[in-house]
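In: Fold the following.
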Amino acid sequence: MEEYSSVLLFILQVMATLFIFVIGSGVLIAIVMYIADMLQTTHAIRRNYPLIGRFRYLFENLGEFFRQYFFAQDREEMPFNRAQRSWVYRAAKNIDTTVAFGSTRSLRPTGTIMFVNCPYPTLGKDAVKPQPVTLGPDCARPYTTSSLFNISGMSYGAISKPAVQALSQGAGMTNAWLNTGEGGLSPYHLEGGADLVFQIGTALYGVRDDNGELSDEKLRELAGLDQVKMFEIKLSQGAKPGKGGILPGGKVTEEIASIRGIPLGLDSISPNRHPDINNTRQLLDMLEHVREVTGKPVGFKAVIGAYGWIDDLCLEIKQRGIHSAPDFICIDSADGGTGAAPMSLMDYMGLPLQESLPLVVDMLDKHGLRERIKVICSGKLVNPAEAAWALCMGADFIVSARGFMFALGCIQALQCNKNTCPTGITTHDRKLQRGLNPQNKAVRVKNYIEHMEHEIGVISHSCGVREPRELKRFHCRMVIEDGRSKSMQELYPYYQEQPG
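Out: Coordinates of the predicted model:
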């Protein structure tokens, strides 16, 4: 009994000593920080309120998390609200996506979109799956696909190895394509056997020679891969039109440097445009050259701001011949996503998809090029209704990046540019990547694609059409300033229906 008491007394003494040490250390650290704050001249708050002023920065950092989880309503958070994210999470996990009691979405604000249901909806037995669409019919190797919803460009480097593996494997389980992003083709893009769209960015990563020029030899090597179905020349990106890609040096590992052909550990900043594409003629020259070398469909991706050049492009195509037309145009929205961009561009540059998509479709109609040039659209289209709206306005395909990040488990922590992504999606920290299991997340990617296409179909059938690409502008309405809704066909009449 005495031995037990002695041991217990010893343990209590040690705990007391540790407690005093911890408290003493805390007090000492607080004193050092107090003195440091008093002496520094950089931060006025910390100098005027030593030690206490430091809590400002702590609360500032915690603020976004408190807003997301405790204070924000389901429909008010940006860039994606809780309702949007929750639907993607449920779809990706293949759990019930239905909701109870009533919608939390207000139908009153100007710009609200709603679909017009048909009194005689399409029966299940009459519905058909999305029909095959051929891109590049005049190419040596055209691409025919029935996919509707696909994975937009996210470079290996901007996102992690397990993230690319999950996207590749998930797309490979469906008929969706995967865009490589401008960072070049990695072995992980090929793992899942998915159809690939190789993106040629302004720095020509993956297709550049030792002098940084476009390499026909590397283009042919890529075209020789059966998985690479198309090539996309990236002119601009939604969140940063007029600014090249930005990959912080901390993300430029030895492998990424090798794939891109850039120095290890240094910031990788692409030019703000292709140096050899300075006008419409040079753009068409580049498109024709890549198509001739690869034998596969080639198009371009752009944010629409100034739009007169689209008219010039169509006129130049008609002068050269329809064979010179891009096989597709991918329209990105001004509210598109990125890993890193200046706020001045992210907040203020370019037109949103709601305006630019019908504008481009109508210009192609005007010049008789709509059938020849397929339209792909991107930018915050992560839920079925948003994608269905784009189909009503004339899109042939929808692509998404951030939607698939949510499917992988993204929590919108807004740390994509810091290599500290807590879900392992946009970081190369192996400890953080450990939480992202590619095999598990690949199934979520597959589920998300299947749920998207299914529910886009549900909307289509409610509107009375057999398949989503039969949706027209009159199937959709928008709330205008006086609180009433107006048909999108009245707001954006088809070209042939315009007066004169």
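In: switch to C-alpha atoms for all contacts and neighbour counts from now on
Out: Noted.
In: How many neighbouring residues does residue 459 have?
Out: 22 (other Cα atoms under 10 Å).
In: mind checking which helix or strand it is in?
Out: Element membership for residue 459 (DSSP states H and E) is helix 438-462.
In: which helices and strands does that helix pack with?
Out: Counting contacts by 3 or more Cα pairs under 8 Å, 6 or more residues apart in numbering; DSSP states H and E, helix 438-462 is packed against helix 82-92, strand 149-151, helix 161-172, helix 384-392, helix 402-408.
In: gap between the helix or strand following the third one and the chain center?
Out: This means helix 161-172. Counting by DSSP H and E, the element after helix 161-172 in chain order, helix or strand, is strand 177-179. Chain-centre distance of strand 177-179: 12 Å, with Cα atoms, centre = their mean, to the nearest Å.
In: What's the first helix or strand after strand 177-179?
Out: helix 187-190.
In: about what we covered before: what mean pLDDT would you report for the helix holding residue 459?
Out: Helix 438-462 shows a mean pLDDT of 96.
In: Now it: buried residues?
Out: By neighbour count with 16 or more other Cα atoms under 10 Å, helix 438-462 contains the buried residues 438, 441-453, 455-462.
In: Could I get the helices and strands packed on helix 438-462 in CSV, plus columns for distance to residue 137 and mean neighbour count?
Out: Below are those laid out as CSV (distance: least, Cα to Cα, whole Å; neighbours: other Cα atoms under 10 Å):
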stretch, distance to residue 137, mean neighbour count
helix 82-92, 34, 21
strand 149-151, 20, 25
helix 161-172, 24, 26
helix 384-392, 21, 23
helix 402-408, 29, 25
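In: count of neighbours near residue 474?
Out: 19.
In: To clarify, my last question referred to residue 285.
Out: 15.
In: and if you look at residue 297?
Out: Residue 297: 28 neighbours (other Cα under 10 Å).
In: pretty sure it is touching residue 135, no?
Out: Yes - counting by Cα atoms under 8 Å, residue 297 touches residue 135, with 6.4 Å between them.
In: Mind listing the shared neighbours of these two?
Out: Taking Cα atoms under 8 Å, 6 or more residues apart in numbering as the contact rule, residue 297 and residue 135 both touch 142, 143, 327.
In: Take these and keep only those in strands.
Out: residue 143 (DSSP state E).
In: Would you reformat the shared contacts of residue 297 and residue 135 as CSV and include pLDDT, distance to residue 318 and neighbour count?
Out: Output for the shared contacts of residue 297 and residue 135, formatted as CSV (pLDDT from 0 to 100; distance: Cα to Cα, whole Å; neighbours: other Cα atoms under 10 Å):
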residue, pLDDT, distance to residue 318, neighbour count
142, 97, 21, 17
143, 98, 23, 18
327, 98, 14, 28
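In: Between the shared contacts of residue 297 and residue 135, which sits nearest residue 93?
Out: Using Cα to Cα, residue 143 comes nearest to residue 93 of those, at 30.7 Å.
In: OK, contacts around residue 147?
Out: 130, 132, 175, 176, 177, 397.
In: Of those, just say which sits nearest to residue 491.
Out: For the contacts of residue 147, the nearest to residue 491 is residue 397 (22.3 Å; Cα to Cα).
In: Now do the helices in the stretch 301-450 of the chain.
Out: For the stretch 301-450 of the chain, the helices defined by DSSP state H, counting those that start in this stretch occupy 308-320, 343-348, 353-366, 384-392, 402-408, 430-433, 438-462.
In: right, so of the ones you listed, which gets closest to residue 96?
Out: That would be, of these and by Cα to Cα, helix 438-462, which comes in at 10.4 Å.
In: If I take that closest one and helix 161-172, what angle do their directions form?
Out: 40 degrees (axes from the mean of the first three to the mean of the last three Cα atoms, to 10 degrees).
In: sorry, back to before: can you name the element that comes right after the helix holding residue 459?
Out: Next helix or strand after helix 438-462 toward the C-terminus (DSSP H and E): strand 476-479.
In: pLDDT averaged over that following strand, what's the number?
Out: 95.
In: and what of stretch 331-341?
Out: For stretch 331-341, the per-residue pLDDT averages 79.
In: give the contact list for the residue nearest to residue 337 when sequence neighbours are not counted.
Out: Distance criterion Cα to Cα, 6 or more residues apart in numbering; nearest residue to residue 337, sequence neighbours excluded, is residue 239 at 5.4 Å. Contact analysis of residue 239 by Cα under 8 Å, 6+ apart lists 333, 334, 335, 336, 337, 338, 341, 345, 346, 347, 349.
In: Now do the longest helix along the chain: which elements does it pack against?
Out: Assignment by DSSP state H gives helix 2-39 as the longest helix of the chain. The contact analysis (3+ Cα pairs under 8 Å, 6+ apart) places helix 2-39 against helix 44-48.
In: mean confidence for the helix it packs on?
Out: Averaging pLDDT residue by residue across helix 44-48 gives 71.
In: Flag the helix or strand of the chain with the lowest per-element mean pLDDT.
Out: helix 54-66 (a mean of 66; mean pLDDT, DSSP states H and E).
In: tally of neighbours for residue 102?
Out: 6.
In: Include neighbour count when you put the contacts of residue 147 into JSON lines, please.
Out: Below are those laid out as JSON lines (neighbours: other Cα atoms under 10 Å):
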{"residue": "130", "neighbour count": "17"}
{"residue": "132", "neighbour count": "12"}
{"residue": "175", "neighbour count": "19"}
{"residue": "176", "neighbour count": "24"}
{"residue": "177", "neighbour count": "26"}
{"residue": "397", "neighbour count": "21"}
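In: which pair in those spans the largest distance?
Out: 130 and 177 (14.8 Å).
In: Now do the helices in the stretch 151-300 of the chain.
Out: Using DSSP H, counting those that start in this stretch, helices in the stretch 151-300 of the chain cover 161-172, 187-190, 216-223, 254-260, 280-294.
In: Packing partners of the first one?
Out: When contacts are defined as 3+ Cα pairs under 8 Å, 6+ apart, helix 161-172 sits against strand 177-179, helix 187-190, helix 402-408, helix 438-462.
In: For residue 10, which of the ones you listed is the nearest?
Out: helix 438-462 (49.7 Å).
In: tell me the angle that closest one makes with helix 82-92.
Out: Going by the same axes, to 10 degrees, helix 438-462 makes 110 degrees with helix 82-92.
In: Find the nearest non-adjacent residue to the spatially most central residue of the chain, please.
Out: Nearest to the mean C-alpha position of the chain, counting by Cα atoms, centre = their mean, stands residue 401 at 2.4 Å. Excluding its sequence neighbours, the residue lying closest to residue 401 (Cα to Cα, 6+ apart) is residue 152, at 4.8 Å.
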